[in-house]
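Visitor: structure of the sequence below:
(chains A and B)
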Amino acid sequence: MNRRSVLLLTVLLFGYAFLYGPILSLIVYSFNESRLVTVWGGFSTKWYGELLHNEQILGAAWLSIKIAAINACAAVVLGTLAALALVRYRRFRGRASLEVLVTAPMVLPDVIIGLSLLLLFVSMEALIGWPAGRGQSTITLAHITCSMAYVTVVVRSRLAHMDQSLEEAALDLGARPLTVFFAITLPIIAPALAAGWLLAFTLSMDDLVLASFVSGPGSTTLPMVVYSSVRLGVSPQINALASLIVVLVSSAVAIAGVLLYRQEKRQA
Amino acid sequence: MNIPTLRRPVSGRRLIIGLPWLWLGLFFLLPFLFVLKLSLSESVLAQPPYLGLIREFQDGMLVLAINLGNYQLLLDDSLYLKALLSSLQIAAISTLLTLLLGYPMAYAIARSPRHWRLPLMMLIILPFWTSFLIRVYAWIGILKNNGLINQVLMGLGLIDSPLEILHTPVAVYIGIVYSYLPFMVLPLYATLVRLDVTLLEAAADLGCRPWKQFLRITLPLSMPGVLAGAMLVFIPVMGEFVIPDLLGGPETLMLGKLMWTEFFSNKDWPLASALAAVLLVVLIIPFMLLRHYEQRSQEPAA
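Guide: Numbering: from 1, shown residues only, chains lettered A, B, ... in the order given. Alright, predicted model coming up:
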C-alpha cells in the first residue's frame, strides 16, 4: 500500500467512526443500571422494562406507526406516478413545475413547510370545513407531501435504468397499457417501490417539525414525546427507546439493502 | 419511436401527470400563498391569532387591510438581521466543514475496488435512515460536561476540568456535519465514480504529480458534485431547528429556531410567516443552483 491509500483509508475509518460512534454509545448506555446516563453502574435491561409500561410512549408510538404506514402507502402511489410522468413523458405542460415541486419538499427547511401547511389547513377548515380540526389526518397529509418526493427520486432512477424494450414488446403483442404496467413494469421496479415505502415510513416516524406544526390537541407523535423529554435532559428510558428504533430500522434497511444488492448482481 | 405512447389512452397520461401535480400544487405550492397573506396581516389575541386581510365593517363595506408592520419590525429590530447573518454564517461554515470531511470519504469510496463501493455507500446512507432526532440526542450524552468526551479526556489526564462543548457553536457545527454528511457524500460520490480515469493516467504519463493531477483534473471535474452537495446541506441548514435548539446555547441565533419561538412561544403567527417568507426568498438562489446541477446530471450520457 502506498502513502495515498493509507491516507484515504484513515479518512474512511475516521468518517465511519464519526457516523457510528454516537449511535453505538447510545446503545451501550441504554443497558446502564445507573440513572445518570453517562456514569456506568453495571449492566441492566430495566430501562427496556420500564419503557414497556410507559403508556404515553406506547400510545405515541402506536399513533406514529399508524401515520407512517398510511403515509408510506400513499407516498409510494403518488411518488411512483410522479416518477412515471417525469421519465416516460418527455414533454408535457407543467413538466418544469413538476420537477421543481418534487425537489423542493426535500431541501426546503421543515419549519417553512410546516408553517405553510398549518396555515393552509386552518384556512381550508374555515372555508370548506375540511379538515375538521387537526391531528392524525393533517399530520398524515403533511408527511405524504414531503415523503412522496423521496419516493420519486428512488423510483425515478430505477425507471430510467430499466430496459424499455420489454414493455414495447408486450405492447406490440397486443397487451393493454394497464396490463403491461402491472405485468412487466411493476415487477421490475418493485425493489425501488419497497425501498421507497421503507424510506417514507422512516421519514414519517422521524419527523418532529412538521408534526409539531400541524398536530392538534391529543395527537402527540413519538418524536414529539422524545423531543419534550430530551429537552428536560438525557434519560435512560429515551436511550432504550432510541436503541430499539435504531436496531429495528437498521435491520429493516440492511435486509432491504441485501435484497437489492443480490437482485442487482443477478441482473448484472 | 412514439408508437407505444400513441397507444396509451390519453386519460392514463392525464392521471399520471395530473395526480402528483395536483397534490403538490394543493399541499405544497398553495400553502406559500397563505404564508405570504398571513405575513401581511395583524396579530391578535384570538383563535386563530390573526386578522383577515379582507374585513367587513359594520356599514357592510369590505375593506382590504394590508399590514407591512411585520416586515417593518424585521427591519427595525436588529435581532432578526443578526439571526439572518448568523444563520448564513453557520450554514456556510458547516457546509464547508461537511465538504472537507465528505470529499475525501467520497473520493476514497469511488477509488475503492468495485465490489466494495455499494456496501461502503450503504454504510454512509444507513445512519440517514435512523432517526435524525435520536442521532442529535446521542451527541448530548457525548458532549455534555460529564459526558463521554470529557470523561475520557479527564480519565487520560489530558484536562483537569471538563470542556464546555454542549450549548456552544462548536456543538452546533458537530451536530450539523454529523447529520448532513450523507447529503454531501452522495452527489460527490456520483460525480467522482463517473470520472474518466484515463485522463489521470494520461496526466501521469506526461509526468504530472499526483497532487497536481487532483487539483488540475479531479477537482474541477467534480465541481458539479461539490455544488450539489453544498446546496443540499446549505439550504436545509438555513432553517434548521432541532440541532441549534438541542445542541446550541441561548446565544445561538438561527432563523429556524427564531421562527419556532415566534410561532409556539409568542403565538405571533403573522411575524413567523414574515420570517418564513424572508427565509424562502433568501433560499431561492441556492435552490436554483441546485436545480441547475440536477438538470445537467439528468441529461442522458453524462
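
Visitor: low pLDDT regions in the stretch 151-268 of chain A?
Guide: Applying pLDDT under 70 to the stretch 151-268 of chain A picks out residues A:263-268.

Visitor: as a check, name the ranges of all helices in it.
Guide: With DSSP state H, counting those that start in this stretch as the criterion, the stretch 151-268 of chain A has helices at A:165-172, A:177-180, A:186-206, A:209-214, A:222-231, A:236-267.

Visitor: got the CA positions of the first one in CSV?
Guide: The C-alpha atoms that make up helix A:165-172 are tabulated as CSV, following Å, rounded to 0.1, in the frame of the first residue of the first chain:
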residue,chain,number,x,y,z
SER,A,165,-37.9,-2.9,-24.9
LEU,A,166,-39.7,-5.4,-22.7
GLU,A,167,-42.7,-3.1,-22.4
GLU,A,168,-42.6,-2.3,-26.1
ALA,A,169,-42.6,-6.0,-26.9
ALA,A,170,-45.6,-6.6,-24.8
LEU,A,171,-47.4,-3.6,-26.3
ASP,A,172,-46.6,-4.9,-29.8
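
Visitor: which elements pack onto that helix?
Guide: Judged by 3 or more CB pairs under 8 Å, 6 or more residues apart in numbering or on different chains; DSSP states H and E, the packing partners of helix A:165-172 are helix A:177-180, helix B:3-7. (C-beta placed from N, C-alpha, C; glycine too.)

Visitor: try the shortest one
Guide: If contacts are counted by 3+ CB pairs under 8 Å, 6+ apart, helix A:177-180 sits against helix A:165-172.

Visitor: what's the angle from the helix it packs on to helix A:186-206?
Guide: 120 degrees (axes from the mean of the first three to the mean of the last three CA atoms, to 10 degrees).

Visitor: what's in contact with stretch B:166-176?
Guide: With CB atoms under 8 Å, 6 or more residues apart in numbering or on different chains as the test, stretch B:166-176 has contacts from B:90, B:93-94, B:97-98, B:136, B:139-140, B:143-145, B:147, B:165, B:233, B:237, B:240, B:243-244, B:246-250, B:252.

Visitor: over in the stretch 51-200 of chain A, which residue gets nearest chain B? Let me know.
Guide: Closest to chain B within the stretch 51-200 of chain A is residue A:109: 2.2 Å, counting by CB to the nearest CB.

Visitor: for that residue, phi and psi?
Guide: Torsion angles at residue A:109 (phi, psi; degrees, to the nearest 10) stand at phi -60, psi 140.

Visitor: how many other residues sit next to the nearest residue to it once chain neighbours are set aside?
Guide: Counting by CB to CB, 6 or more residues apart in numbering or on different chains, the nearest residue to residue A:109 once its immediate chain neighbours are dropped is residue B:239, at 2.2 Å. Per other CB atoms under 10 Å in any protein chain shown, the neighbour tally for residue B:239 reads 29.

Visitor: for residue B:36, same thing?
Guide: With other CB under 10 Å as criterion, residue B:36 counts 16.

Visitor: got the contact list for it?
Guide: B:273, B:277.

Visitor: rerun at 7 Å
Guide: residue B:277 (CB atoms under 7 Å, 6 or more residues apart in numbering or on different chains).

Visitor: in stretch B:244-260, what's buried?
Guide: For stretch B:244-260, the neighbour count (16 or more other CB atoms under 10 Å in any protein chain shown) marks B:244-248, B:252-260 as buried.

Visitor: for stretch A:156-164, same thing?
Guide: For stretch A:156-164, the neighbour count (16+ other CB under 10 Å) marks A:156, A:158, A:159, A:162 as buried.
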